[in-house]
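Novice: Got a sequence here, can you build the structure:
(2 chains)
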Amino acid sequence: MNNQSIAEMLRQALMNQRAVPQISKTETQFSLKDAREVQDLSCILAQEAGENLAGYKMGLTSKAKQRDVNVYEPIRGYILKSFEIPKGGTVKMGARIHPRVEPEVAVVLNRELKGPGVTLRDVVSALEGIYPALEIVDSRYENFVFKLEDVIADNTSAAGFMVGRVNLLSELNDLNLMGICVRKNGAIVETGAPSAVLGDPLLSVVSLANSLAEEAKSILPGMVILTGGITQSVPFKRNDRIEVEWPQEVLSFTAE
Amino acid sequence: MGLSKDQLLEIADKLDKAEATCIAIPSLVENYPGMDEKDSYQIQWMVASRALRAQRHLIGYKIGLTSLEAQKHFNVFEPDYGHLFDSMAVNEESEIYLSKLIQPKIEGEMAFVLGKDLRGPGITLSHVMRAVDYVTTSFEIIDSRIQNWKITAKDTIADNGSSARFVLSGQKRRLEGLSLPHLGMALYKNNEVVVTGSGAAVMGNPLNAIVFLANTLAKHDRGLLEGQVILSGSIGGMVSMAHGDHFSVEIQRLGRVTIRCKGKSNE
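Specialist: Residues are numbered from 1 along each chain as shown, chains lettered A, B, ... in the order given. Predicted coordinates for the structure are as follows:
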């Protein structure tokens, strides 16, 4: 299969909620470069179908996960406006394969940030807002099993996101040690703090700006940037109630 | 069923010796199939009484199995506890000597120091809030005296909650104005964040662990005393330790603790 066909297959898997076999199993020559190209092609396909780009999401944002796959920088995916779930809304299980949820910090900038050479200081000076958020990941591969090339081609499992309304910008100094917990049907299943993301989730934005620069792209003002999972992802099923509790705000949804 | 007095003494001897020699012993429950949880606590108290007779001072208690995950893993429905002696205290900004340990692991916790006695039964959250003098950041170093950490809840209870050392931050915070479940923690190994969590990981609120401890001790006619230290339970996971590693743990508003590891453990 060429990269265009793979991109179409993965787009179909997203649209039809049907898992597909790992690309790397059949395409033995499939490289990281191919994977990035497939991701870009699937983004173009989505936009040709009338979808709008909402922003980006980051993955592999902990040293432990990076060591697991022997890749020492984060990876990125794109998020579409149609992925957004309203606060307190429902997640339709009919439109998912095997979804999981993770708490994240969402960042919005007030001006364009274009690499290379973007620093933490550049990010701080461009901050419009920092919001409690959650991401829903849902691999298009069978059993949520994949290699690095597969997951990059599959847009890093991006499937949904919810952004809170409380802007944490005035509490920037406290951000990294805010206590966050994930409840499933009332029971606490995960806790964490934003420093789980590269020690500081704003470093994830630095990494994103510089990696986009390699393709002459940039972070645009108003885009939502999901900086990376703060805890392990939590699987959920129909009728599960998920709450991501920040000190300032609770983000919740029910799976239907 | 339960074990005989002789068997309890025999196990207490074995655990004492394992700690002194740093040579782990085989699983207790496998070798003493009749052992129940009551036996486990009796063994723990036997070992603790010997420590007291050896002029060690009881500093306080540690609480364990405080997360849903840990309770599920050990198939129990309540936490456990262990005794803290002065011989287990290590100063912050100093060294932990791994050569005195077997297979140590480190965890970040909220530690509480009591300003009043707390004696159950009938202790509630409000009693605990009135009795706590201050809260601070701490490390607990756990170290199973049972081979390869192959333990059940009964093993770890007999083995003093697998507790080995603890380190308190010198920073004190009163409870007023703190929402403990919402305080985040980051544990660093050699400057890299390896574990994060929040106070909510400990029974939804670490003060709930103290409620449990006070009421459980009361069943055996014991109370908590002014000045005693309570390690309330692990926030997030545990991390293994090796020579040359240094660890820091920071909890929002409660401060930071740092220690360095020296020597080779006896695993």
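Novice: Please count neighbours and contacts with C-alpha atoms only from this point.
Specialist: Noted.
Novice: any chance you could map the helices in the chain?
Specialist: Using chain A. A:3-16, A:23-26, A:32-48, A:63-69, A:120-125, A:148-153, A:201-213 (DSSP state H).
Novice: wrong chain, I was asking about chain B
Specialist: Taking DSSP H as the test, the helices found in chain B are B:5-21, B:28-31, B:37-53, B:68-74, B:125-131, B:153-158, B:206-218.
Novice: Confidence-wise, which of these is weakest overall?
Specialist: Mean pLDDT per stretch puts helix B:68-74 lowest among the helices of chain B, at a mean of 90.
Novice: Show me what that helix is packed against.
Specialist: With contacts defined as 3 or more C-alpha pairs under 8 Å, 6 or more residues apart in numbering or on different chains; DSSP states H and E, helix B:68-74 has these neighbours: strand A:187-192.
Novice: Quick check: neighbours of the strand it packs on in the sheet, parallel or antiparallel?
Specialist: strand A:180-184 (antiparallel) (DSSP bridges).
Novice: what's the offset of the partner strand from the middle of its chain?
Specialist: Distance, stretch centre to chain centre, for strand A:180-184: 18 Å (C-alpha atoms, centre = their mean, to the nearest Å).
Novice: Stretch A:11-18 too?
Specialist: Stretch A:11-18 has its C-alpha centroid displaced from the chain centroid by 18 Å (C-alpha atoms, centre = their mean).
Novice: So B:Ala214 sits against B:Leu114, correct?
Specialist: No: look at B:Ala214 against B:Leu114 with C-alpha atoms under 8 Å: they stay out of range, at 11.7 Å.
Novice: can you tell which of the helices of chain A is closest to chain B?
Specialist: If you check each of the helices of chain A against chain B by C-alpha to the nearest C-alpha, helix A:63-69 wins as the nearest, at 7.4 Å.
Novice: Quick one: mean pLDDT over the closest one.
Specialist: Average pLDDT, helix A:63-69: 83.
Novice: residues in chain A within reach of chain B, list them.
Specialist: Chain A comes close to chain B at residues A:63-64, A:174, A:176-181, A:188-193, A:195-196, A:198-199, A:246-247, as judged by C-alpha under 8 Å from any C-alpha of the partner chain.
Novice: ok, back up a step: the helices of chain B into JSON lines, with extra columns for mean neighbour count?
Specialist: As requested, those are arranged in JSON lines below (neighbours: other C-alpha atoms under 10 Å in any protein chain shown):
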{"stretch": "helix B:5-21", "mean neighbour count": "17"}
{"stretch": "helix B:28-31", "mean neighbour count": "15"}
{"stretch": "helix B:37-53", "mean neighbour count": "18"}
{"stretch": "helix B:68-74", "mean neighbour count": "16"}
{"stretch": "helix B:125-131", "mean neighbour count": "16"}
{"stretch": "helix B:153-158", "mean neighbour count": "24"}
{"stretch": "helix B:206-218", "mean neighbour count": "22"}
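Novice: Out of those, which is closest to B:Glu107?
Specialist: helix B:68-74 (13.4 Å; C-alpha to C-alpha).
Novice: Look up how far B:Arg260 lies from A:Glu128.
Specialist: 40 Å (C-alpha to C-alpha, to the nearest Å).
Novice: Between the two, which is the more surrounded one?
Specialist: B:Arg260 (20 against 16; other C-alpha atoms under 10 Å in any protein chain shown).
Novice: Tell me who's in contact with that one.
Specialist: The neighbourhood of B:Arg260, defined by C-alpha atoms under 8 Å, 6 or more residues apart in numbering or on different chains, consists of B:Glu93, B:Ser94, B:Glu95, B:Ile96, B:Gly244, B:Asp245, B:His246, B:Phe247.
Novice: Likewise for B:Gln103?
Specialist: For B:Gln103, the contact set (C-alpha under 8 Å, 6+ apart) comprises B:Asp143, B:Ser144, B:Asn148, B:Trp149, B:Ser240, B:Ser265, B:Asn266, B:Glu267.
Novice: Highest neighbour count among these?
Specialist: Neighbour counts for those, by other C-alpha under 10 Å, peak at B:Ser144, which reaches 27 neighbours.
Novice: Touching, B:Arg174 and B:Tyr134? I think so.
Specialist: Yes: checked against C-alpha under 8 Å, the pair B:Arg174 and B:Tyr134 is within contact range at 4.6 Å.
Novice: Am I right that A:Asp240 is in contact with A:Ala255?
Specialist: Yes: with contact defined as C-alpha under 8 Å, A:Asp240 reaches A:Ala255; the gap is 5.4 Å.
Novice: Need the residues touching each of these two.
Specialist: With contacts defined as C-alpha under 8 Å, 6+ apart, no residue is shared by A:Asp240 and A:Ala255.
Novice: which residue is nearest the centroid of chain B?
Specialist: For chain B, the residue nearest the mean C-alpha position is B:Lys62 (3.5 Å; C-alpha atoms, centre = their mean).
Novice: count of residues packed around B:Asn91?
Specialist: That count, for B:Asn91 with other C-alpha under 10 Å as the rule, works out to 15.
Novice: quick revisit: filter the residues of chain A next to chain B down to just the buried residues.
Specialist: Neighbour counting with 16 or more other C-alpha atoms under 10 Å in any protein chain shown marks A:63, A:176-181, A:188-193, A:195-196, A:198-199, A:246 as buried within these.
Novice: Tell me the residues of the stretch 51-200 of chain B that contact chain A?
Specialist: Counting by C-alpha under 8 Å from any C-alpha, the stretch 51-200 of chain B comes close to chain A at B:68-69, B:181-186, B:192-200.
Novice: And the buried ones among the residues you listed, selectable in PyMOL?
Specialist: Listed next is the PyMOL selection for buried residues among those, using 16+ other C-alpha under 10 Å:
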select buried, chain B and resi 68+181+182+183+184+185+186+192+193+194+195+196+197+198+199+200
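Novice: Now go through the residues of the stretch 51-200 of chain B next to chain A and say which are in strands.
Specialist: Per DSSP state E, strands hold the following members of those: B:Gly184, B:Met185, B:Ala186, B:Glu192, B:Val193, B:Val194, B:Val195, B:Thr196, B:Gly197, B:Ser198.
Novice: Out of those residues, flag the one nearest to A:Glu27.
Specialist: The shortest approach to A:Glu27 among those belongs to B:Val194, at 35.1 Å (C-alpha to C-alpha).
Novice: Tell me if I'm right that the closest one and A:Ala196 touch.
Specialist: Yes: using C-alpha under 8 Å, B:Val194 is in contact with A:Ala196, at 7.4 Å.
Novice: Quick check: neighbours shared by the two?
Specialist: Listed as contacting both B:Val194 and A:Ala196 by C-alpha under 8 Å, 6+ apart are B:Ala186.
Novice: Spatially nearest residue to B:Leu98 (excluding sequence neighbours)?
Specialist: Sequence neighbours aside, B:Ser265 is the residue nearest to B:Leu98 in space, at 4.6 Å (criterion: C-alpha to C-alpha, 6 or more residues apart in numbering or on different chains).
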